[in-house]
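[1] got a predicted structure plus its sequence, pasted below:
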Amino acid sequence: MRRVILAGAAGRLGSRLRSDLGDGWEITALSRGGEPGTVPFEICSPGTVAGLGLGDCDLVVNCAAVSSTSECGRNPGMAWAVNCAWPALLASETAGLGVPLVHFSTDLVYGGGTPPYREGSPSVPSCLYGWTKLLGDRAVLDRNPLAAVLRTSVLVGRAGSARPTFSEELLQGSVRRVWVDSFRHHTSLGWLVSVTSGIAESGLAGLFHAAGLHGQSRAAFAEELYRRTGFPGTEPEQGYSPDGVPRNLALDMSRACSMLPYRPLDPGESIDLEYPTG
């Protein structure tokens, strides 16, 4: 039985990890709001971190984030605390104990102007969210040599959290317009669960793009999702993205393909994994 401490356990990825990691895991699920099935936890409190018993666990997974760009703009202090100061503190504490850390980040650390992006490409985010995540990434990698930083993209699949994934919003009919010129790597939650488990078994460390295999526009993904699931509703309008939305966050996935424990999935494979129809 592996003991894992999971921070951000009420979010989209955290909720899926909590439900899908399986019987071989003993999960201590932490959340800022103390949602059902989780333990309320005060982010960035060194005293509280010391009381977690990090030295007794086999792995720490950090999914905690202020991931809404608008929320980051409204509350930059909280964005800094959760996205940057918290992972830096967690990395320092786990490094001192020799505990591996898996920290989830975002493709929005890149600006969208010079794709495709490799893990070592210059990072010039176009929003505060991207800047806070970038600084958090660097702190984790600098402080804990046993850490894996996984930069992912648009999450798809059934999350089981209060905030839906992009695919859930599309299938609920709550998306009114999809962009034809904003390219991202739509990423299966189930695949990310498998990658997390595989990293725990392999001890892999470093910076990786953990996302879908190919970049695809929001509009193209929506079309493929509807076709594969037989969506009976009204499809959203197609249009061009507004100012401030990165146009092309295409990722070079070669390092992920050669080193991650599970091969990245193309968009169709991600949809079929999350929404099987057979």
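    Thanks, I have the structure now.

[2] my guess is G203 meets P100, correct?
    Yes: contact criterion CB atoms under 8 Å: G203 and P100 qualify, at 6.6 Å. The way it works is simple: take the backbone N, C-alpha and C, and place the C-beta from them, glycine included.

[3] helices and strands of this structure: which one has the lowest mean pLDDT?
    When the helices and strands of the chain are scored by mean pLDDT, DSSP states H and E, helix 46-50 comes last with a mean of 70.

[4] what distance separates the start and the end of stretch 118-128?
    21 Å (CA to CA, to the nearest Å).

[5] hang on, the earlier thing: ok, G203 and P100, which is more surrounded?
    More crowded of G203 and P100, by other CB atoms under 10 Å: P100, with 22 against 10.

[6] how about the more buried one, nearest residue that isn't a chain neighbour?
    Nearest non-adjacent residue to P100, counting by CB to CB, 6 or more residues apart in numbering: L146, 4.4 Å away.

[7] wait, that neighbour touches L97, no?
    No: using CB under 8 Å, L146 makes no contact with L97, being 9.9 Å away.

[8] between these two, point out the one with more neighbours.
    More neighbours surround L146 than the other of L146 and L97, with 18 against 14 (other CB under 10 Å).

[9] contacts only, for the more buried one.
    Residues near L146 by CB atoms under 8 Å, 6 or more residues apart in numbering: 94-95, 98-101, 203, 205.

[10] circling back to that earlier point, what comes into contact with the helix or strand following the least confident helix or strand of the chain?
    Elements were assigned by DSSP states H and E; along the chain past helix 46-50, the next helix or strand is strand 59-62. Contacts with strand 59-62, where a contact means CB under 8 Å, 6+ apart, come from 2-8, 17, 54, 86-87, 90, 94, 99-104, 196, 200.

[11] so which of those residues sit within helices?
    Residues of the contacts of strand 59-62 located in helices (DSSP state H): 17, 86-87, 90, 94, 196, 200.

[12] in which helix or strand does M78 reside?
    Using DSSP H and E, M78 sits in helix 76-80.

[13] list the buried residues of that helix.
    For helix 76-80, a neighbour-count test (16 or more other CB atoms under 10 Å) marks 78-80 as buried.

[14] so which of those is the closest to S70?
    In terms of CB to CB, no member of the buried residues of helix 76-80 lies closer to S70 than A79, at 10.7 Å.

[15] doesn't T132 make contact with the closest one?
    Yes: A79 is within contact range of T132, at 5.0 Å (criterion: CB under 8 Å).

[16] overlap in contacts, the two.
    Both A79 and T132 are in contact with 66, 72, where contact means CB under 8 Å, 6+ apart.

[17] residues in contact with F221?
    With contact set as CB under 8 Å, 6+ apart, F221 has these partners: 154, 156, 166, 178, 186, 267.

[18] my bad, should have said R151
    Applying CB under 8 Å, 6+ apart, we find R151 in contact with 105-107, 109, 119, 137, 207-211, 251.

[19] from those, which land in strands?
    105-106, 207-209 (DSSP state E).

[20] any chance of those in a markdown table, plus pLDDT and neighbour count?
    Output for the ones in strands among the contacts of R151, formatted as a markdown table (pLDDT from 0 to 100; neighbours: other CB atoms under 10 Å):
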| residue | pLDDT | neighbour count |
| --- | --- | --- |
| S105 | 98 | 24 |
| T106 | 98 | 22 |
| L207 | 98 | 20 |
| F208 | 98 | 21 |
| H209 | 98 | 26 |
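
[21] and of these, the nearest to V49?
    V49 lies nearest to S105 out of the ones in strands among the contacts of R151, by CB to CB, at 20.0 Å.

[22] phi, psi for the residue nearest to that closest one when sequence neighbours are not counted please.
    Leaving out its chain neighbours, the residue that sits closest to S105 by CB to CB, 6+ apart is R151, at 4.5 Å. Backbone torsions of R151, given as degrees, to the nearest 10, read phi -90, psi 110.
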